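In: Based on what follows, work out the 3D shape:
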Amino acid sequence: MLRPSHRKSRLGLLPVLYPLQSAIARCGRIASSRLVKSQYSLGIIGVGMYGKTFMRALGRDPRSRISWVCSASSATTEAAAREFGVANHTCDYREVLRDPAVDAVVIATPPWLHADIFVAAVAAGKHLVVEKPLATTPAEVARIVDAAKAHPELVILESSCRHARLQRKFEVVRDLVRRGRLGEVYHIHHVALERGTFVEYNKKGAWGMNKKLAGGGPLFDWGVYDLSFHLGLLEDVPNLRSVRSFTRAGLRDLSQLAPVCDVEQHGAAWMEFDSGLTYYYERGAGVHGETGCETRIHGTKGGLRLFYPTWESPEIERFFDDGGPRKEIIKVDTPAGADDNAIAAAHFLDCLDGTSQPMMTVELAAKHLDILFRILHA
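Out: Numbering: from 1, shown residues only. The predicted structure is shown next:
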């Protein structure tokens, strides 16, 4: 049974029950669903921070068995195999793809390596999850999209849905939009500024500060999540018409942590879409200041203010008119123990079972990356 959340307003507490459609809810029905296979054999390609995060998440679901691990370093690969009790390990991803027992692979390498592995994986008939961002250049993105289109029989999930479309706040806000509670959404305003940087979060992620290897800084690292959340609220209908932007690098000296540090550390954009939507977007990591991950959504009948990540406040402020200006608080009822990574892993397995469709396809991820490329190069 779903527990009701409550809206708190000047009018009092209003109990509201939202249908929980996220992957964590579907997990409760898996036991009674007929599985395509009782257990899937998976290969993990890339066992750094992201790869190990996937391995921990998959290890919590009895439908998955990790049968291979692979990375460029033999020491890292062997250590991961020992840590997670994986029987097979290699430094050549093609060895994983040649194993007919492997049902699916997780591509969790740094993004400049994604395209070659992705193309080879789908050619080998493997279902797959690919870590975000999809790739670092438009040409590599196009290769991935073309390869995916050539194999519609495969389940392919891009992971920028992880902190965005697979969580309760997204469901709640999208429901408000769909029910017309905001009227026509005409403007989105999003700002998120941090003093810390990627390499300070991921101590082995010096590559993330190198534009050639990472594609970009916070606009790439977090922009894919931001666009996944915001444009998903509008069913991904708006298409970008124009963009004006700035980016700034070199705000902090990080040479002791990363030999090359040329990604943007601060950027902002004013975007106009063919639907009439305008969107102010600002991201920074390494800036001299900070804000929360704040989104404001403005519609002709109402507006919202929220901090969309699951680890931020569960409260959404709704502004509307009811004989005068009104404000109410919608408290999102997030299931106890909800973990974005476990939910994403379960969602992929649900897709393999045939009980769900991927919440982020590579075609849609490519559309979002095209917007980010245009911001970075405007």
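
In: now what about the longest helix belonging to the chain, what contacts it?
Out: Longest helix in the chain by number of residues (criterion: DSSP state H): helix 362-377. With CB atoms under 8 Å, 6 or more residues apart in numbering as the test, helix 362-377 has contacts from 130, 132-135, 138, 141-142, 144-145, 148-149, 156, 158, 160, 216, 219-220, 223-224, 227-228, 231, 236, 240, 243, 245, 247, 264, 267, 269, 271, 281. In this view, the C-beta of every residue, glycine as well, is placed from N, C-alpha and C.

In: and what of stretch 202-209?
Out: Counting by CB under 8 Å, 6+ apart, 48-49, 110, 112, 197-199, 213-214, 217, 221, 254, 257-263 sit against stretch 202-209.

In: rerun at 10 Å
Out: 48-50, 76, 110-113, 197-201, 213-218, 220-221, 249, 254-255, 257-263, 265, 285-286 (CB atoms under 10 Å, 6 or more residues apart in numbering).

In: Now go through those residues and say which are in helices.
Out: Under the assignment DSSP H, the contacts of stretch 202-209 contribute Met49, Tyr50, Thr76, Phe198, Val199, Glu200, Tyr201, Leu213, Ala214, Pro218, Phe220, Asp221 to helices.

In: could I get those residues as JSON lines with neighbour count and distance to Ala164?
Out: Output for these, formatted as JSON lines (neighbours: other CB atoms under 10 Å; distance: CB to CB, whole Å):
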{"residue": "Met49", "neighbour count": "13", "distance to Ala164": "19"}
{"residue": "Tyr50", "neighbour count": "21", "distance to Ala164": "16"}
{"residue": "Thr76", "neighbour count": "19", "distance to Ala164": "29"}
{"residue": "Phe198", "neighbour count": "24", "distance to Ala164": "19"}
{"residue": "Val199", "neighbour count": "22", "distance to Ala164": "24"}
{"residue": "Glu200", "neighbour count": "17", "distance to Ala164": "23"}
{"residue": "Tyr201", "neighbour count": "13", "distance to Ala164": "19"}
{"residue": "Leu213", "neighbour count": "16", "distance to Ala164": "24"}
{"residue": "Ala214", "neighbour count": "23", "distance to Ala164": "20"}
{"residue": "Pro218", "neighbour count": "26", "distance to Ala164": "16"}
{"residue": "Phe220", "neighbour count": "26", "distance to Ala164": "15"}
{"residue": "Asp221", "neighbour count": "23", "distance to Ala164": "14"}
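
In: Now tabulate those in TSV and tack on pLDDT.
Out: TSV is the format used below for the ones in helices among the contacts of stretch 202-209 (pLDDT from 0 to 100):
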residue	pLDDT
Met49	91
Tyr50	91
Thr76	95
Phe198	91
Val199	91
Glu200	93
Tyr201	90
Leu213	94
Ala214	94
Pro218	96
Phe220	94
Asp221	94
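
In: which one of those is nearest Ser275?
Out: Phe220 (24.8 Å; CB to CB).

In: rewinding a little: which of the ones in helices among the contacts of stretch 202-209 sits closest to Asn88?
Out: For those, the nearest to Asn88 is Thr76 (15.1 Å; CB to CB).

In: Verify the contact between the closest one and Val47 for me.
Out: Yes. Thr76 is within contact range of Val47, at 6.1 Å (criterion: CB atoms under 10 Å).

In: buried sites along stretch 245-252?
Out: For stretch 245-252, burial by neighbour count (16 or more other CB atoms under 10 Å) applies to Ser245, Thr247, Ala249, Leu251, Arg252.

In: what bridges to the second one?
Out: In this entry, Thr247 is beta-bridged to Gly267, by DSSP bridges.

In: I'd say it and Tyr281 touch.
Out: No. Thr247 is beyond contact range of Tyr281, at 11.9 Å (criterion: CB under 10 Å).

In: so what's in contact with these two at the same time?
Out: Contacts common to Thr247 and Tyr281, judged by CB under 10 Å, 6+ apart, are Leu219, Gly267, Ala268, Ala269, Ile375.

In: Considering those, which possesses the most neighbours?
Out: In terms of neighbours by other CB atoms under 10 Å, those top out with Leu219 at 30 neighbours.

In: dump the residue contacts of that one.
Out: Counting by CB under 10 Å, 6+ apart, Leu219 has contacts 133, 226, 245, 247, 263-269, 281-285, 371-373, 375-376.
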